[in-house]
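S.K.: missing the sequence, but the structure's below:
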Ligand SMILES: *Cc1c(COP(=O)(O)O)cnc(C)c1O
């Protein structure tokens, strides 16, 4: 099993012995509205124990998602003012296009309003019944867009990625042996794409190694299957490669990124992640025909090809953010701050996924609350307890999100019951993170008082967004 010693070596070379500081100053601030434990108890009840139904002003530290919640830089805000809103041929589009072309090395760039809009277009063209899309792990919107066309998505995560506490360096890798086997079994002609998600969001924000992408590319090439990247966190993944993979310690992140994309035939992107933007996304291709087909759909659902689903100002903010994200001081601070929170929790005995991922800390709710059976949604119960204790909003990634029912109505649980604390980019300081650790450790010390939940209302798809719950035996 690969070890993390390499990362420690590189890290000590890159990092000084001094505290790693936030690589920015604060020019504009937003207030946090404080409330009490008693008030939060009532708010949570009113929100039916679902964090998505809590008003954001009732949250002190919002770790629901890192998507679209980044703080933009003064450069990006200046870009917002300069954004050109011409319907066709806006200079902001050409700035955006040139930037994405330079980073991805791909000639055909299509702006969309967010990642899933890119997915919707791509899979509408390539999906359909009898088609299979193979991946390390498909993100939930990616899977939903694949399945909506009647096609099937198949996750082939590597063995170490299945174990929450094995501290392997690249737990986001695809299992290349399983990939070869699956291709042989299903027939290459039925597989329009392989998609590698970097970093692997649903698998704990764990990175994929360059070597794994090279191996995957070889297999794809041999079988004439295009390789795509779901590139939402390409910069975080590149920094992990610098830290952990042999031969990359001295390579600039921008070069690692270039190499990553050089193996891909195309990519989907949500600019709400590694582009510091509050909205946006894109598709990038080498294949002109696929680009043309995508533009035809784009015009129906998103807009004219030089703005997609975006305003000119958004295109500016994305173009600027894509350059800022590759700043190595930023990436060092980013990756270290997730690790910092993870280590604080480990030191207090809180069961968390290891090693730390790139954008979030994942608590193992089954280990945290062994007295709550999975049928009573321990992850969701923990989300509620963390909110009440400290006003921190997190999200369950477990059986509420991914659970299904068998024919007799019994829950088929998800493989893991996790609570994700996603850290927005450039938003919170070290003292906010210290506070988060204190709150979670306090909840951990009082964990035996936490009760399980039952669902009172749910929708058939993506039920976690709207489900209503109540504590068991609360009638
Ligand atoms: C967020 C995300 C998406 C979807 O992007 P949206 O902008 O939220 O539509 C797709 N894949 C991954 C890995 C993501 O993290």
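M.R.: Ah, there it is. Computed from a predicted structure; not experimentally measured. Residues are numbered from 1 along each chain as shown.
S.K.: what about residue 409, which SS state?
M.R.: Following DSSP: H, G, I helix; E, B strand; the rest coil, we place residue 409 in the coil state.
S.K.: would you mind measuring from it to residue 90?
M.R.: From residue 409 over to residue 90 the distance is 53 Å, taken as C-beta to C-beta, to the nearest Å. Every residue, glycine included, has its C-beta placed from N, CA and C.
S.K.: ok, residue 229 next?
M.R.: 27 Å.
S.K.: higher neighbour count, the two?
M.R.: Comparing residue 229 with residue 90 by other C-beta atoms under 10 Å, the one with more neighbours is residue 229, at 25 against 21.
S.K.: can you pull out the strands in the stretch 101-250 of the chain?
M.R.: 108-112, 132-135, 152-155, 193-197, 227-230 (DSSP state E, counting those that start in this stretch).
S.K.: could I get the ones you listed as a markdown table with distance to residue 206 and mean pLDDT?
M.R.: Formatted as a markdown table, the strands of the stretch 101-250 of the chain follow (distance: least, C-beta to C-beta, whole Å; pLDDT from 0 to 100):
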| stretch | distance to residue 206 | mean pLDDT |
| --- | --- | --- |
| strand 108-112 | 26 | 97 |
| strand 132-135 | 14 | 98 |
| strand 152-155 | 13 | 96 |
| strand 193-197 | 10 | 98 |
| strand 227-230 | 14 | 98 |
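S.K.: now tabulate those in JSON lines and tack on distance to residue 428.
M.R.: Shown next, in JSON lines, are the strands of the stretch 101-250 of the chain (distance: least, C-beta to C-beta, whole Å):
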{"stretch": "strand 108-112", "distance to residue 428": "28"}
{"stretch": "strand 132-135", "distance to residue 428": "31"}
{"stretch": "strand 152-155", "distance to residue 428": "31"}
{"stretch": "strand 193-197", "distance to residue 428": "25"}
{"stretch": "strand 227-230", "distance to residue 428": "26"}
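S.K.: Throw those strands into CSV and include distance to the ligand, thanks.
M.R.: Shown next, in CSV, are the strands of the stretch 101-250 of the chain (distance: least, C-beta to the nearest ligand atom, whole Å):
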stretch, distance to the ligand
strand 108-112, 9
strand 132-135, 10
strand 152-155, 12
strand 193-197, 5
strand 227-230, 5
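S.K.: among those strands, which comes closest to residue 144?
M.R.: When these are compared by C-beta to C-beta, strand 152-155 sits nearest residue 144, at 9.0 Å.
S.K.: list the neighbouring strands of that closest one plus their orientation.
M.R.: If you go by DSSP bridges, strand 152-155 pairs up with strand 132-135 (parallel).
S.K.: ok, residues contacting the strand it pairs with?
M.R.: Applying C-beta atoms under 8 Å, 6 or more residues apart in numbering, the contact partners of strand 132-135 are 123, 127, 142, 146, 151-156, 174, 179, 182-183, 186, 190-197, 230.
S.K.: this protein against the ligand: which residues are in contact?
M.R.: Within the chain, the positions near the ligand by C-beta under 6 Å from any ligand atom are 67, 114-116, 139, 141-142, 197, 201, 230, 232, 270, 272-273, 281.
S.K.: nearest to residue 416, of those residues?
M.R.: residue 201 (13.9 Å).
S.K.: residue contacts, that closest one?
M.R.: Residues counted as contacts of residue 201 (C-beta under 8 Å, 6+ apart) are 137, 139, 232, 233, 359.
S.K.: how many neighbours does the third one have?
M.R.: Burial of residue 232, expressed as a neighbour count using other C-beta under 10 Å, amounts to 27.
S.K.: you'd agree it is up against residue 270?
M.R.: Yes. With contacts counted by C-beta atoms under 8 Å, residue 232 reaches residue 270, the gap being 4.7 Å.
S.K.: helices of the stretch 51-200 of the chain, start to end?
M.R.: Counting by DSSP state H, counting those that start in this stretch, the stretch 51-200 of the chain has helices at residues 74-82, 91-104, 115-126, 140-148, 176-186.
S.K.: tell me how far the residue of the stretch 351-475 of the chain found nearest the ligand lies from residue 199.
M.R.: Of all residues in the stretch 351-475 of the chain, residue 359 sits closest to the ligand, at 8.4 Å by C-beta to the nearest ligand atom. Per C-beta to C-beta, residue 359 is found 7 Å from residue 199.
S.K.: give me the common contacts of the two.
M.R.: Residues touching both residue 359 and residue 199 (C-beta under 8 Å, 6+ apart) are 205, 233, 236.
S.K.: of the residues you listed, select the buried ones using a PyMOL command.
M.R.: Buried subset of those, written as a PyMOL selection, criterion 16 or more other C-beta atoms under 10 Å:
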select buried, resi 205+233+236
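S.K.: from the shared contacts of residue 359 and residue 199, which ones fall inside helices?
M.R.: residue 236 (DSSP state H).
S.K.: picking up where we left off before, want to try JSON lines for the contacts of residue 201, with pLDDT as columns?
M.R.: Shown next, in JSON lines, are the contacts of residue 201 (pLDDT from 0 to 100):
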{"residue": "137", "pLDDT": "95"}
{"residue": "139", "pLDDT": "93"}
{"residue": "232", "pLDDT": "97"}
{"residue": "233", "pLDDT": "97"}
{"residue": "359", "pLDDT": "96"}
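S.K.: closest to residue 162 among the residues you listed?
M.R.: The nearest one, if we look at the contacts of residue 201 relative to residue 162 and count by C-beta to C-beta, is residue 137, at 10.4 Å.
S.K.: doesn't residue 203 make contact with the closest one?
M.R.: Yes. Counting by C-beta under 8 Å, residue 137 touches residue 203, with 4.6 Å between them.
S.K.: what do these two both touch?
M.R.: 157, 161, 172, 197.
S.K.: phi first, then psi, for residue 282.
M.R.: phi -160, psi 170 (degrees, to the nearest 10).
S.K.: that one pairs with what?
M.R.: Where residue 282 sits in a bridge, its partners, by DSSP bridges, are residue 111, residue 269.
S.K.: packing partners for whichever strand or helix holds residue 436?
M.R.: If you go by DSSP states H and E, residue 436 is part of helix 430-445. Packing contacts for helix 430-445, counted by 3 or more C-beta pairs under 8 Å, 6 or more residues apart in numbering; DSSP states H and E, involve strand 61-62, helix 328-347, helix 378-390, strand 392-393.
S.K.: outside of the helix or strand just after the last one itself, list whatever touches it.
M.R.: Proceeding N to C from strand 392-393, the next assigned helix or strand is strand 395-397, under DSSP H and E. Among residues not part of strand 395-397, those counted as contacts by C-beta under 8 Å, 6+ apart are 51, 64-65, 202, 362, 365, 377, 379-380, 382-383, 401, 414, 416-420, 422, 464.
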